[in-house]
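Peer 1: Sequence plus the predicted model coming up.
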Amino acid sequence: MWFFSLIEEQRGLFLFSLPETNNPDGGMEMKKSVQDIPAIAGGNPTKTVPYGTRTRYGKEELKQLKEVIDKGTLFYVYGNKVKDLERRIAGLTGTEYAVAASSGTSSIHAAMIALGISPGDEIITAPITDMGSLIPILYQGAVPVFADICPHSYTLSPQSVEERITDRTRAVLAIHLWGNACDLAALKAICLRHNLFLIEDCAQAWGCTYKGRSVGAIGNIGCFSMNESKHISCGEGGVTVAGDKDIARRLRLATDKCYDRESGAAFRDPSFLANNYRMSELQAAIALAQLDKLAGIVERRRWWGTELSSRLHDLEGITLPQPTSGCDPTWWFYMLRVKPEKLGCNADEYAAALKAEGLGATAHYIGRCVYEYLVFTRHSAFERSGHPYEKYDYHTGLCPIAEKVLETGVVLPVSEAFTDIDLEETAEAICRVTRWFMGKA
Ligand SMILES: Cc1ncc(COP(=O)(O)O)c(C=O)c1O
C-alpha cells in the first residue's frame, strides 16, 4: 500500500510515493520526507500565507490632487506640480535638468528627437525590453540594431555593442533591465570612442545606482517610466533627465510640439518635428506623492533581492541574476535561469512546479527576443514600404545569449509589500523544487 498513490493518480503523476510505517521514528521520517515532496508531486504547497499586498495610492496622492484642483489648472505651463516634479527628479538623479512626459515611451522618443536622431540612423540596443524602447526609434525613421547581452546580468554586452557599430550608428540605447544597470563605464567609453550618444532607458530602474551615481545621470539623457507597473506610478507618465543645457532645452521642445514657450516670441515657429508628450498637472500631483514613497520602496526591494539570492546561492541546477559590477539594483523583478542539463526539466516545467508551491512564477519573461516580433521579421511597421529598417534582416539567432536567457528564464515577482514570511516561503519553495528536480535528474 502506498501513501500517496491516490494523490498521484488524481494529478496524473507517478513521481513519488512513500511507504507507510509502524516504526515509532517513522512518523518523523515521513514528515521530513513529505516536506521534501513538491506540491506538483502531491506534497503540500510551501506557500501557506498569501503574498503581502499594499494600497498603492492614498491620502498623500489625494492631498496633492486637491491642490491641483484648488489651483484651477491642469496645464503644466500655468501650474506648479509638473515644475515641482521636474525639480525633484533632477535632484534625486543628480542631474541639472528634468522634463516630464506623458509616458516612458514618449520620454524615449523625446530623447531621440532632442538628439537629432534622423531617418537611416542606427541605434544599438538590447533584444530583451519593452516595445516602448523601440517604437521611438522606428517613428524617427531610424533602425534598431540589436546587440547581445551578458548571460547573468541580462544587460547589454559592451563587446557585442562595439561589434555592431557601423558608420551609420548614432546612439546606444542602454536598457537597465530588472532594475539593474548596464555596464555603464564600458558603454560610455565606447560611445566616447565612436562619437555616439548614450541614452539610458531607466524605465525599470528607479533608484538604481551605478558606482554611486543614479542611473540616467551617466549617459547624455536618461528616460524613466511611471506606468502602473513601475516602482512608482502616476498611471501613465515619464521623465527625461540631462546634464546639458542645450539638450534640456531641446527635450522641452521635443515634449511640447516644438513650441518655444520661454522665448516670449509673438508667433510660433517650430523648427523641428515634435509630438505632444506633455504631462498634466494631475499626473504630476500623483507622481509627487509617489516620489515620497520611493526610498521605502527601493529599500524593501533591495532587501528582497539580496536576501533571496543569499538563500539560494549554493543551489545547484539554477543560476541567479547577477547585478552588474558597481551597480546597486532595485529589483523590478527577479529572474533566475534553469540549467536543464542538471535539472532534467525545462523552464516551463520548473515554473509549473513553483506555481504549484504557490509562487507567482512564470517562464520566459517576454517570451522571445523583440527582433523576433512580426513588426521586425515582416518589416510591417508601416503599411507600405520605404522605412530604412526594411534593409535589415531580423531573425532568430541574432543574439544567441539573449535567446538562451529567455528560453531558460523563470521570473519571480518582487514587491515592496512582500513580507518576511513571503521571503522564507519563496526561498523554501525554490530550494525544495530545485533539489527535487536535481534528485530525479
Ligand atoms: C525597459 C522599458 N522601456 C520602456 C518602457 C515604456 O514605458 P511606458 O509603458 O511608460 O511607455 C517600458 C515599460 O514597460 C520598459 O519596461
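Peer 2: Here it is on my side, so go on. Because the structure is a prediction, the values reported are computed rather than measured.
Peer 1: What are the contacting residues of the longest strand anywhere in the chain?
Peer 2: The longest strand of the chain (DSSP state E) is strand 169-175. Residues outside strand 169-175 that contact it (CB atoms under 8 Å, 6 or more residues apart in numbering): 108, 112, 115, 117-118, 121-126, 128-129, 133, 137, 142, 145, 155-156, 161, 182, 184, 187, 190-191, 194, 196-201, 204, 219. For every residue, glycine as well, the C-beta is placed using N, CA and C.
Peer 1: Which ones among those residues lie within strands?
Peer 2: Counting by DSSP E, the contacts of strand 169-175 contribute Glu122, Ile123, Ile124, Thr125, Val145, Phe197, Leu198, Ile199, Glu200, Asp201 to strands.
Peer 1: out of those residues, who's nearest Ser271?
Peer 2: Lowest distance from Ser271 to the ones in strands among the contacts of strand 169-175 (CB to CB) belongs to Phe197, with 19.8 Å.
Peer 1: Is that closest one in contact with Cys191, as I believe?
Peer 2: Yes - shown here, Phe197 and Cys191 form a contact pair, counting by CB atoms under 8 Å, at 6.8 Å.
Peer 1: any shared contact partners between the two?
Peer 2: Joint contacts of Phe197 and Cys191 (CB under 8 Å, 6+ apart) are Ala171, Val172, Gly219.
Peer 1: Closest residue of the stretch 251-400 of the chain to the ligand?
Peer 2: Distance from the ligand to each residue of the stretch 251-400 of the chain (CB to the nearest ligand atom) is smallest for Trp332, at 7.9 Å.
Peer 1: Counting neighbours, what do you get for that residue?
Peer 2: 23 (other CB atoms under 10 Å).
Peer 1: Dihedrals phi and psi, it?
Peer 2: Per-residue torsions, Trp332: phi -70, psi -40 (degrees, to the nearest 10).
Peer 1: so who does it touch?
Peer 2: For Trp332, the contacting residues are Leu177, Trp178, Gly179, Gln204, Ala205, Lys230, His231, Arg301, Val414, by CB under 8 Å, 6+ apart.
Peer 1: now swap in Phe418 and tell me
Peer 2: Listed by CB under 8 Å, 6+ apart, the contact set of Phe418 reads Tyr51, Gly52, Arg300, Trp304.
Peer 1: repeat that with 7 Å
Peer 2: Tyr51, Gly52, Trp304 (CB atoms under 7 Å, 6 or more residues apart in numbering).
Peer 1: related to what we said a few turns ago, would CSV of the shared contacts of Phe197 and Cys191 with distance to Ala90 and neighbour count be doable?
Peer 2: Output for the shared contacts of Phe197 and Cys191, formatted as CSV (distance: CB to CB, whole Å; neighbours: other CB atoms under 10 Å):
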residue, distance to Ala90, neighbour count
Ala171, 22, 25
Val172, 23, 30
Gly219, 15, 27
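Peer 1: Mind putting the residues you listed into CSV with pLDDT and distance to the ligand?
Peer 2: What follows is the shared contacts of Phe197 and Cys191, written out as CSV (pLDDT from 0 to 100; distance: CB to the nearest ligand atom, whole Å):
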residue, pLDDT, distance to the ligand
Ala171, 98, 15
Val172, 99, 14
Gly219, 98, 14
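Peer 1: which residues in the stretch 151-300 of the chain form helices?
Peer 2: 158-163, 184-194, 245-255, 281-312 (DSSP state H, counting those that start in this stretch).
Peer 1: Show me which residues of the stretch 51-200 of the chain sit near the ligand.
Peer 2: Ser103, Gly104, Thr105, Thr129, Asp130, Gly132, Ser133, Ile175 (CB under 6 Å from any ligand atom).
Peer 1: List the beta-bridge partners for Asn276.
Peer 2: With DSSP bridges as the criterion, Asn276 is bridged to Asp256.
Peer 1: quick one: pLDDT of it?
Peer 2: The model reports Asn276 with a pLDDT of 98.
Peer 1: Quick check: Leu198 touching Ala186?
Peer 2: No - contact between Leu198 and Ala186 fails when scored by CB atoms under 7 Å: they sit 10.9 Å apart.
Peer 1: Show me which of these two is the more surrounded one.
Peer 2: Using other CB under 10 Å as the criterion, Leu198 and Ala186 rank with Leu198 on top: 21 against 16.
Peer 1: sorry, back to before: which of the contacts of Phe418 are buried?
Peer 2: Among these, those classed as buried by 16 or more other CB atoms under 10 Å are Tyr51, Trp304.
Peer 1: Name the nearest residue to Gly360, sequence neighbours excluded.
Peer 2: Nearest non-adjacent residue to Gly360, counting by CB to CB, 6 or more residues apart in numbering: Pro413, 4.6 Å away.
Peer 1: How much space separates the one you found from the ligand?
Peer 2: Look at Pro413 and the ligand: by CB to the nearest ligand atom, to the nearest Å, they are 15 Å apart.
Peer 1: Got phi/psi on that residue?
Peer 2: Torsion angles, degrees, to the nearest 10, at Pro413: phi -70, psi 150.
Peer 1: I'd say it and Ala361 touch.
Peer 2: No - counting by CB under 7 Å, Pro413 stays clear of Ala361, with 8.3 Å between them.
Peer 1: Neighbour count: those two, which is higher?
Peer 2: Comparing Pro413 with Ala361 by neighbour count (other CB under 10 Å), the higher total belongs to Ala361, at 24 against 16.
Peer 1: Give me the phi and psi for that one.
Peer 2: Backbone torsions for Ala361, taken as degrees, to the nearest 10, come to phi -90, psi 140.
Peer 1: Please report the distance of it from Glu341.
Peer 2: Distance of Ala361 to Glu341, given as CB to CB, to the nearest Å: 20 Å.
Peer 1: Any idea what Leu198 is bridged to?
Peer 2: Note on Leu198: beta-bridge partners by DSSP bridges are Val172.
Peer 1: Could you number the chain from 414 rather than 1 from now on?
Peer 2: Taking 414 as the first residue, the last one we looked at is Leu611.
Peer 1: residues touching it, list them.
Peer 2: With CB under 7 Å, 6+ apart, Leu611 has these contacts: Val585, Ala587, Leu600, Lys601, Cys604, Gly632, Asn633.
Peer 1: make it 6 Å
Peer 2: Neighbouring residues of Leu611 by CB atoms under 6 Å, 6 or more residues apart in numbering: Val585, Lys601, Cys604, Gly632, Asn633.
Peer 1: Once you drop chain neighbours, what's closest to Arg665?
Peer 2: Using CB to CB, 6+ apart, the closest residue to Arg665 is Val512 (5.3 Å).
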